[in-house]
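Asks: Have a look at this prediction, sequence included:
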Amino acid sequence: MAEPAILARGVRKSYGTGPAAVPVLRGVDLTVAAGEFVAVLGPSGSGKSTLLNLLGLMDRPDGGELRLGGDDAAALADDERARLRNSLLGFVFQFDSLLPEFTILENVTMPARIARARGLTAAPFAAAESRALELLDSLGIAALRDRFPSQTSGGERQRAAIARALANAPAVVLADEPTGNLDRGNGARVFSDLKRLARERGTAVVLVTHDEAEAQTAGRVLRMDDGVLR
């Protein structure tokens with residue numbers, strides 16, 4: 001059987017030390033297959049963002065097992081975690097986080113530029129640019145390639161952020177309230193685009209959201225309750 005894109009067993013995380021330590025994740029178990037779309041619901045403070053930070057290799061668990069694409073992510077050194085984050089993961093946040101001084105196309109190719117600068121890939125940049133243009137076209141915003149973020153709408157910027165997340169052909173996309181800053185119409189379109197592109201590319205998606213209606217269209221819905229996924 002193929003390795004799952006994400007495998008977490010008994011993952012724990014607390015903040016603080018000693019008697020003042022506050023447990024946030026109390027033994028999270030999560031398996032996500034390639035191409036699967038999983039939504040995680042839960043109120044503020046339930047541990048959703050902490051889980052996403054651990055899956056995104058922005059933080060380390062205190063205990064338990066965490067594997068991404070078969071790699072023991074919890075045990076890797078910092079430079080290997082950076083390599084894995086660039087090659088394996090894509091991120092979409094509530095705010096698009098596009099760099100204002102770069103065009104839409106330049107923003108989408110930024111992960112490839114970073115990978116080349118760090119010696120993480122020897123692939124020609126032209127291939128990355130071609131892939132970026134294909135993604136922009138599939139999202140209906142190819143005509144905006146030479147515009148700066150300030151010259152586009154919120155929905156257009158968020159679709160560009162999805163293209164950027166998929167630019168390095170990641171195995172996993174982590175999405176933190178990706179439609180939370182958009183009106184209902186634009187939010188529905190962005191969510192639909194993310195689902196479609198992930199399905200077409202076999203990319204696993206973990207989406208954190210407060211939106212019950214949005215979550216129900218995912219392939220699987222989990223709820224974070226007192227630091228445990230149910």
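Replies: Received it, and whenever you're ready, just let me know what you need.

Asks: Show me what the residue nearest the centre of the chain is bridged to.
Replies: Residue closest to the mean C-alpha point of the chain, counted by CA atoms, centre = their mean, is Leu174 at 2.0 Å. Beta bridges link Leu174 to Phe91, Val206, judged by DSSP bridges.

Asks: pretty sure it is touching Leu55, no?
Replies: Yes. The criterion here is CB atoms under 8 Å, and Leu174 meets it with Leu55 at 5.8 Å. For every residue, glycine as well, the C-beta is placed using N, CA and C.

Asks: Mind listing the shared neighbours of the two?
Replies: Val206 (CB atoms under 8 Å, 6 or more residues apart in numbering).

Asks: confidence score at the residue nearest to the centre of the chain?
Replies: You'll see Leu174 listed with a pLDDT of 95.

Asks: I'd like to know how far it sits from Val92.
Replies: Here Leu174 is placed at a distance of 7 Å from Val92 (CB to CB, to the nearest Å).

Asks: do the same with Val206
Replies: 11 Å.

Asks: Can you give the contact residues for the top helix by length along the chain?
Replies: Counting by DSSP state H, the longest helix found in the chain is helix 184-201. The contact list for helix 184-201 (CB under 8 Å, 6+ apart) reads 35, 37, 92, 135, 138-139, 153-155, 158-159, 162, 166, 169, 173, 175, 178-180, 182, 203-205, 207, 211, 214, 217-218.

Asks: Filter these down to just the ones in strands.
Replies: 37, 92, 173, 175, 204-205, 207 (DSSP state E).

Asks: I am finished for the moment; much appreciated.
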